[in-house]
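Provided below are the primary sequence and the corresponding predicted coordinates.
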Amino acid sequence: MTKPAQIMVVTPHPDDAEWGVAGSVARWTGEGKDIIYVVCTNGDKGTSDTNMTPDELVRIREREQLAAAKLLGVRDVIFLRHPDQCLEDTPAFRKEIVRLIRMYQPETVVTADPYRRYIWHRDHRITGQVVLDAIFPCARDFLAYPDLLEQGLQPHKVKEVLLWGSEEPDYRSNITDTFAVKVAALRCHVS
């Protein structure tokens, strides 16, 4: 049995959680909240280094993400390893997220706002949309993905969804006390 997490942060790429919500993550872990990260892509294209290979970049970015998560007190990092810049809103991708929601039973899920009107990396839009669709209705509906039921993964209702990168936020988190930790976590991402 997987130990439930209070907060699940679902990000498109390694480093997105640190840019988007690391200050809040540091505050939450400081309050004793149990947090896991789900990183959807492998980040194999996110560099300007012309000598870098995709495989080496994946290894580097995963190490950086693990270091940042450790610094922030994140319990676990799950890498889905989809190719960077290639996410699609598919039933298979949605099912991966539903499986993790049912497995970890988070009270809160945090992800990228898919509804920004201006320039926003497509992987951010796709991640946000797939996560929202996975939360409601798929993760909570008994008849969605019956094979997950056969695996012992019961439906789960997420109580709260927080989106980062919103143009019109309706929730703000004061990170004054954790801003230095956010910056330190960002510095883990040197690639």
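Nice, I can see it. Numbering: from 1, shown residues only.

can we go C-alpha only for contacts and neighbour counts from here?
OK.

so how far is Arg116 from Ile78?
As judged by C-alpha to C-alpha, to the nearest Å, Ile78 and Arg116 stand 26 Å apart.

same question but for Val109, I mixed them up
Val109 sits 18 Å away from Arg116, going by C-alpha to C-alpha.

And those two? Which one has more around it.
Val109 (24 against 14; other C-alpha atoms under 10 Å).

just checking, the more buried one touches Val21?
No - contact criterion C-alpha atoms under 8 Å: Val109 and Val21 do not qualify, at 11.9 Å.

all strands of the protein, in order?
For the chain, strands defined by DSSP state E occupy the ranges 7-11, 35-41, 76-82, 108-112, 160-164.

hey, which helix is longest across this structure?
Identified as the longest helix of the chain according to DSSP state H is helix 54-72.

Give me the buried positions along it.
54, 57-58, 60-62, 64-69, 72 (16 or more other C-alpha atoms under 10 Å).

got the residues you listed as JSON lines, with distance to Glu160 columns?
As requested, those are exported to JSON lines (distance: C-alpha to C-alpha, whole Å):
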{"residue": "Pro54", "distance to Glu160": "36"}
{"residue": "Leu57", "distance to Glu160": "34"}
{"residue": "Val58", "distance to Glu160": "31"}
{"residue": "Ile60", "distance to Glu160": "33"}
{"residue": "Arg61", "distance to Glu160": "29"}
{"residue": "Glu62", "distance to Glu160": "28"}
{"residue": "Glu64", "distance to Glu160": "28"}
{"residue": "Gln65", "distance to Glu160": "25"}
{"residue": "Leu66", "distance to Glu160": "25"}
{"residue": "Ala67", "distance to Glu160": "27"}
{"residue": "Ala68", "distance to Glu160": "24"}
{"residue": "Ala69", "distance to Glu160": "22"}
{"residue": "Leu72", "distance to Glu160": "21"}
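
now, among the residues you listed, which is nearest to Asp141?
Using C-alpha to C-alpha, Ala69 comes nearest to Asp141 of the buried residues of helix 54-72, at 31.2 Å.
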